[in-house]
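In: Generate a structure from the sequence data that follows.
(one chain, ligands or ions: 1)
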Amino acid sequence: MMQLLSGKALSKVIIEEVKEEVIALIAAGKKPPHLAAILVGNDGASETYVGHKVKMCEQVGFQSSLIRLAADISEAALLEEIAQLNNNPDIDGFIVQLPLPKHIDVDKVTLAIDYRKDVDGFHPINMGKMAQNMPCFLPATPYGIMQLLERNGVETSGKECVVIGRSNIVGTPMSILLSRNNQPGNCTVTLCHSRTKDLLAHTQRADILVVALGKAEFVTADMVKEGAVVIDVGITRVPDASKKRGYRLAGDVKFDEVAPKCSFITPVPGGVGPMTVTSLLMNTLKAAKNKISYQEEV
Ligand code: NAP
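Out: Numbering: from 1, shown residues only. Got it, this is the predicted structure:
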């Protein structure tokens, strides 16, 4: 029997948990967590993403600040804004919405963020801690996927896992997380990318297949083993004249033909997508709690 891994349903549960924790913090005389987001320029998709993050913060009782900067802001001025957020004791965590304009070096920006406030989990200190199984902020999408696996009781230990895609934000951290000596984890992981020879041979033996390459409906039924767990990270807009907005959202997996072969599968939309913002909320709550415990120690 195939089971849907619904991020839509799980994110609602986690949002309620975060809300409860905020209420408890306030009852204990603490301030609510405060997330700031920097948005450079006015790219439509980025506006939508940031707007959604801010709305979710309000929904769980966080404070939020949106810092809008002009598309032609200099790299130095952006780094100065980041330094101010690093030093502002009122801000628990912050994110810089990507992509950034071409004249700004994204690596410099990532490195400039205080890793204790890096709730996107992109700083190399957080990535390094993740690789060494130390407490850290996990990047949002992989964190969301780990929650989906854990809370749906998906067995990962000893499984053959194949990840397609090696980006810093999805594929690479997923390969690390699933290979760690942890629960979920303990998989034998193969990380595939555009230079992989005979992708089919790899995917066909995967007990767990994580697909994050950004090509609509790339994974077909013949590529998937009977009983596999399939995590579809892809979100692509596919032109569709029958839709009012002129497109539909497609995953990287041909859901209709792959789903019947699976033990678990994430739908698109409503699978991994909703978990990404939830992870950001969990990380921000954690940043606020870390700060409180640090202040109580000193
Ligand atoms: P990305 O940075 O574009 O990376 C794509 C990866 O896929 C690369 O490593 C690339 O290999 C590999 N690849 C491309 N074509 C391939 C092929 N034919 N065979 C094997 N590997 C191939 O993508 P991303 O940022 O990780 O995002 C992937 C997808 O997930 C996108 O659709 C994105 O919109 C979606 N996404 C969704 C969420 C969510 O919240 N649900 C979050 C983030 C991303 P090379 O390294 O060799 O180029």
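In: For the chain, give the helix that spans the most residues.
Out: helix 273-297 (DSSP state H).
In: just how off-centre is that one within its chain?
Out: With C-alpha atoms, centre = their mean, to the nearest Å as the basis, helix 273-297 stands 14 Å off its chain's centre.
In: by contact count, what packs against that helix?
Out: In terms of contacts (3 or more C-beta pairs under 8 Å, 6 or more residues apart in numbering; DSSP states H and E), helix 273-297 is packed against helix 7-27, strand 34-40, helix 44-60, strand 93-96, helix 140-151. (Glycine included, C-beta is placed from N, CA and C.)
In: The ligand contacts on the stretch 151-298 of the chain?
Out: Neighbours of the ligand within the stretch 151-298 of the chain, by C-beta under 6 Å from any ligand atom: 164-167, 169-171, 192-196, 199, 212-215, 233-236, 272-273, 276.
In: Tell me the buried residues within those residues.
Out: 164-167, 169-171, 192, 196, 199, 212-213, 233-236, 272-273, 276 (16 or more other C-beta atoms under 10 Å).
In: what does the stretch 1-150 of the chain put close to the ligand?
Out: Within the stretch 1-150 of the chain, the positions near the ligand by C-beta under 6 Å from any ligand atom are Thr141.
In: And the residue of the stretch 1-150 of the chain closest to the ligand?
Out: Thr141 (4.1 Å; C-beta to the nearest ligand atom).
In: Tell me who's in contact with that residue.
Out: Thr141 sits next to 169-170, 233, 272, 275-276, 279 when contact means C-beta atoms under 8 Å, 6 or more residues apart in numbering.
In: Using JSON lines, lay out those residues together with pLDDT and distance to Asn86.
Out: As requested, the contacts of Thr141 are exported to JSON lines (pLDDT from 0 to 100; distance: C-beta to C-beta, whole Å):
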{"residue": "Ile169", "pLDDT": "96", "distance to Asn86": "22"}
{"residue": "Val170", "pLDDT": "98", "distance to Asn86": "26"}
{"residue": "Val233", "pLDDT": "98", "distance to Asn86": "30"}
{"residue": "Val272", "pLDDT": "98", "distance to Asn86": "30"}
{"residue": "Met275", "pLDDT": "97", "distance to Asn86": "27"}
{"residue": "Thr276", "pLDDT": "95", "distance to Asn86": "24"}
{"residue": "Ser279", "pLDDT": "98", "distance to Asn86": "22"}
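In: hang on, the earlier thing: for the longest helix of the chain, give me every contacting residue.
Out: Counting by C-beta under 8 Å, 6+ apart, 7-8, 10-11, 14-15, 18, 21-22, 25, 30, 32-35, 52-53, 56-57, 60, 62, 92-93, 95, 116-117, 119-121, 137-141, 143-145, 147-148, 235 sit against helix 273-297.
In: any chance you could map the strands in the stretch 151-298 of the chain?
Out: Shown for the stretch 151-298 of the chain, the strands assigned by DSSP state E, counting those that start in this stretch span residues 160-164, 188-192, 208-211, 229-232, 236-239, 247-250, 264-265.
In: And the third one, what does it pack against?
Out: Contacting strand 208-211 under the criterion 3+ C-beta pairs under 8 Å, 6+ apart are the following elements: strand 160-164, helix 171-179, strand 229-232.
In: would JSON lines of those with distance to Ile82 and mean pLDDT be doable?
Out: Shown next, in JSON lines, are the helices and strands packed on strand 208-211 (distance: least, C-beta to C-beta, whole Å; pLDDT from 0 to 100):
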{"stretch": "strand 160-164", "distance to Ile82": "31", "mean pLDDT": "99"}
{"stretch": "helix 171-179", "distance to Ile82": "22", "mean pLDDT": "98"}
{"stretch": "strand 229-232", "distance to Ile82": "32", "mean pLDDT": "99"}
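In: Thanks a lot, see you next time.
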